[in-house]
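K.L.:
Whatever this is, show me its structure:
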Amino acid sequence: MKINLTKNQYLALMKLVYLGNWLANASRLQDEQIKEYEEMEGYIFSFAEEFGCNRYVEHEPEDDARYFPTRYFEEEAEVRGLIEDYDNEIFWQEAVDRFGDRDFIKKYGREEIEKMDRDERFIKIMECQEKYEKEFEENGIERMEIKE
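P.N.:
Next up, the predicted model:
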């Protein structure tokens, strides 16, 4: 199979592959990383010269299969901003979900929750999460603290 890409399409593919590999491997230790994603990133990046995208890729001459994004790629090709936006959104959503779920379990208990139908459970979880959404929208983390 052969796929024909424009330079802009290739750059978009580079970004997608980089972001996919980053999502899969950024939080893993080196020996736990998913190698097939790393290898796919290297393979896609290996075509950078053909598309005139050399400034986005570094290559280790002693290892033909190793191609890495340059600092320019990470900062100037918008991928760093995409990651920061994602991290920021996920932080707030996870905080809302986790605090709301914790309060839901505290309020109703596991036995009562098991008796609820799906719709009732959903409504009551949302009620518990809404107070955190409102709090974080209005105050961020300013009023959050750990009680001793």
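
K.L.:
contacting residues around the worst-scoring helix or strand of the chain on mean pLDDT?
P.N.:
For the chain, using mean pLDDT, DSSP states H and E, the weakest element among its helices and strands is helix 71-76, scoring a mean of 86. Residues from elsewhere that reach helix 71-76, judged by C-beta atoms under 8 Å, 6 or more residues apart in numbering: 14, 18, 55-57, 79-80. The C-beta positions use only the backbone N, C-alpha and C, and glycine is treated the same way.

K.L.:
Pull out the buried residues from the residues you listed.
P.N.:
Those of those that meet the buried threshold are 14, 18, 56-57, 79, by 16 or more other C-beta atoms under 10 Å.

K.L.:
In JSON lines, list the residues you listed along with distance to Glu120 and secondary structure.
P.N.:
Output for the buried ones among the contacts of helix 71-76, formatted as JSON lines (distance: C-beta to C-beta, whole Å; DSSP: H, G, I helix; E, B strand; the rest coil):
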{"residue": "Met14", "distance to Glu120": "47", "secondary structure": "helix"}
{"residue": "Tyr18", "distance to Glu120": "43", "secondary structure": "helix"}
{"residue": "Tyr56", "distance to Glu120": "51", "secondary structure": "helix"}
{"residue": "Val57", "distance to Glu120": "53", "secondary structure": "strand"}
{"residue": "Val79", "distance to Glu120": "42", "secondary structure": "helix"}
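
K.L.:
Tell me how far whichever helix or strand Lys106 is part of lies from the chain's centre.
P.N.:
In this assignment (DSSP states H and E), Lys106 forms part of helix 79-115. How far helix 79-115 lies from its chain's middle: 15 Å, per C-alpha atoms, centre = their mean, to the nearest Å.

K.L.:
Tell me the buried residues in it?
P.N.:
79, 83, 95-96, 99-100, 103-104, 108.

K.L.:
Specify the angle between the very next helix or strand once past that helix and helix 79-115 in degrees.
P.N.:
As assigned by DSSP H and E, the chain's next helix or strand after helix 79-115 is helix 118-139. Computed by axes from the mean of the first three to the mean of the last three C-alpha atoms, to 10 degrees, the angle separating helix 118-139 from helix 79-115 equals 140 degrees.
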